[in-house]
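Undergrad: When you get a sec, could you give me coordinates for this:
(2 chains)
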Amino acid sequence: MKVDVNLINPFIAATTTALEMMAMCKPERKKVQLKQDNVLIGDISGIMGLSGDVSGSIIVSFEKEAACIVVGNMLGTEKTELDDEVRDGIQEVVNLIAGQAKTMLKGTDYHFQVSIPTCIIGSNHQVNHKKGVPCIMAAFEVEGKPFTVEVSIAPKS
Amino acid sequence: MKVLVVDDSSTMRRIIGNALKTFIPDPVIVEAEDGNDGFDKFQANQDVELVLSDWNMPNCDGLEFLKKVVETGHSAPVIMVTTEAEKSNVVVAIKSGAKNYVTKPFTPDILKQKIQQTMGK
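TA: This is a model prediction of the structure:
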């Protein structure tokens, strides 16, 4: 399947805006690449299925320190463990990113409907995007700690 | 001032609560985690002066919750606070009785401005 890597751009813009406005931190974008495996870089991942005129998913995966920085800033408190508050916070981060990207993709073949986000915790965890739908990954750092945004999306045929 | 905050994310409820405390003196914040819980808390807190509600929530979403609150004829304004930023959604919410609309993500200043605009201050 032909892949337009520019599809990741609304999600990159949404990530930057969401973290700047709600977590008072400026994420630094690193590489963008097509992803071939199912292993996520982080210790905690927020996941949301995308539906409507497309099928796909978005996953935001954070190393522990990055997750604690982001959610701690959102809550106005220091976080050091991947507890229920961080879990909920990461779900909200994926919700904020998907919501904005959805608005930016209005009027395109890739406009989607959001669903209720979920979260997975654990090192080297794996999540399968939909088979046959390409996955584009954008890597970021926040205060030097890594996280990624993965988007796998295709119009329904 | 008593404010009902309806959002399935405890993080977002806390962000909103922290923001409210910066410009409302001693706010009483009642939290609810979906539209059903929100309507129960709304009925149990008739002295509520402002309602802030998310849209996408499990069990009972924000639009359904909004309609139920408006049906009661209570004077507390409802402001939608949601990632649903498309104009068509804003129109639906306003036609259903929402008094204002805040798009996530937002800063405390944006929330303050929208609330003051709504409350006529």
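
Undergrad: For chain A, which residues are neighbours of chain B?
TA: Selection of chain A residues close to chain B by Cβ under 8 Å from any Cβ of the partner chain yields A:17-18, A:21-22, A:71, A:74-76, A:84-85, A:88-89, A:91-92, A:95-96, A:98-100, A:102-103, A:106, A:114, A:116. Glycine gets a C-beta too; all of them are placed from N, C-alpha and C.

Undergrad: List only buried entries from the residues you listed.
TA: A:18, A:22, A:71, A:74-75, A:85, A:88-89, A:91-92, A:95-96, A:98-100, A:102-103, A:114 (16 or more other Cβ atoms under 10 Å in any protein chain shown).

Undergrad: Among the residues you listed, which are located in helices?
TA: Those of those mapping onto helices are A:18, A:22, A:71, A:74-75, A:85, A:88-89, A:91-92, A:95-96, A:98-100, A:102-103, per DSSP state H.

Undergrad: and the most centrally placed residue in chain B, what helix or strand is that in?
TA: Nearest to the mean C-alpha position of chain B, by Cα atoms, centre = their mean, lies residue B:52 at 1.0 Å. According to DSSP states H and E, residue B:52 maps onto strand B:50-53.

Undergrad: Name the strands paired with that strand and say parallel or antiparallel.
TA: strand B:2-6 (parallel), strand B:78-82 (parallel) (DSSP bridges).

Undergrad: excluding its backbone neighbours, what's nearest the residue in chain B that chain A sits nearest to?
TA: Per Cβ to the nearest Cβ, residue B:83 is where chain B lies closest to chain A, at 2.3 Å. Once flanking residues are discounted, residue B:83 sits nearest to residue A:99: 2.3 Å by Cβ to Cβ, 6 or more residues apart in numbering or on different chains.

Undergrad: Output the worst-scoring helix or strand of chain B on mean pLDDT as PDB, restricted to C-alpha atoms.
TA: One helix or strand of chain B scores below all others by mean pLDDT, DSSP states H and E: helix B:87-95, with a mean of 93. Extracted C-alpha coordinates of helix B:87-95, given in PDB (Å, rounded to 0.1, in the frame of the first residue of the first chain):
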ATOM      1  CA  LYS B  87     -18.000  23.800  13.800                       C
ATOM      2  CA  SER B  88     -20.900  21.400  13.300                       C
ATOM      3  CA  ASN B  89     -20.400  20.000  16.800                       C
ATOM      4  CA  VAL B  90     -20.300  23.500  18.300                       C
ATOM      5  CA  VAL B  91     -23.600  24.300  16.500                       C
ATOM      6  CA  VAL B  92     -25.200  21.100  17.800                       C
ATOM      7  CA  ALA B  93     -24.100  21.900  21.400                       C
ATOM      8  CA  ILE B  94     -25.300  25.500  21.300                       C
ATOM      9  CA  LYS B  95     -28.600  24.500  19.800                       C
END
